[in-house]
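> Quick one, fold the following:
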Amino acid sequence: MLGFFAELGFIFPQFPYIAHSRGWSHEDMERNVEIVRASKELAEGAAMLTKRCLDLAGHLITRDEAPASIERGGRKARAIQT
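Have a look, this model is predicted:
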């Protein structure tokens, strides 16, 4: 999804992922959900990601660097020639 939205022009903060894995041998979702809910490290990671998002948003708003128009890319961007 990140790649898709990046292609649309969305901007993401540094380190836009937080993740958890117990490995391939522990694919029991009931236990995984319980561990994720109780994880202080994942909660801290989510809080830090939120802070990075807000910092980036504040920076972009302050600088007011939004483009006035967006260039279309790829072959669909070209006008049809007759």
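
> From now on I want contacts and neighbour counts done on CA atoms only, so please keep to that.
Noted.

> got any ranges where the chain has weak pLDDT?
Within the chain, the stretches with pLDDT under 70 are 24, 26, 66-67, 70, 72-82.

> Helices of that one, residue ranges please.
For the chain, applying DSSP state H gives helices covering 2-7, 29-38, 40-63.

> which of these is buried the deepest?
Greatest average neighbour count among the helices of the chain goes to helix 40-63 (a mean of 13), per mean count of other Cα atoms under 10 Å.

> Name the residues that touch that helix?
With Cα atoms under 8 Å, 6 or more residues apart in numbering as the test, helix 40-63 has contacts from 12-20, 36, 66.

> Show me how far stretch 37-52 is from its chain's centre.
14 Å (Cα atoms, centre = their mean, to the nearest Å).

> Alpha carbons only: can I get that stretch in PDB?
This file holds the C-alpha atoms of stretch 37-52, laid out as PDB (Å, rounded to 0.1, in the frame of the first residue of the first chain):
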ATOM      1  CA  ARG A  37      -2.100  -5.600  22.200                       C
ATOM      2  CA  ALA A  38       0.200  -6.100  25.300                       C
ATOM      3  CA  SER A  39       3.500  -5.000  23.600                       C
ATOM      4  CA  LYS A  40       4.900  -1.800  25.100                       C
ATOM      5  CA  GLU A  41       7.500  -1.700  22.300                       C
ATOM      6  CA  LEU A  42       4.900  -1.700  19.500                       C
ATOM      7  CA  ALA A  43       2.900   1.000  21.400                       C
ATOM      8  CA  GLU A  44       6.000   3.100  21.600                       C
ATOM      9  CA  GLY A  45       6.800   2.500  18.000                       C
ATOM     10  CA  ALA A  46       3.300   3.600  17.000                       C
ATOM     11  CA  ALA A  47       3.600   6.700  19.200                       C
ATOM     12  CA  MET A  48       7.000   7.600  17.600                       C
ATOM     13  CA  LEU A  49       5.500   7.100  14.100                       C
ATOM     14  CA  THR A  50       2.600   9.400  15.000                       C
ATOM     15  CA  LYS A  51       5.100  12.000  16.200                       C
ATOM     16  CA  ARG A  52       7.100  11.700  12.900                       C
END
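
> returning to that earlier point: tell me the two of the contacts of helix 40-63 that are most distant?
V36 and A66 (36.7 Å; Cα to Cα).
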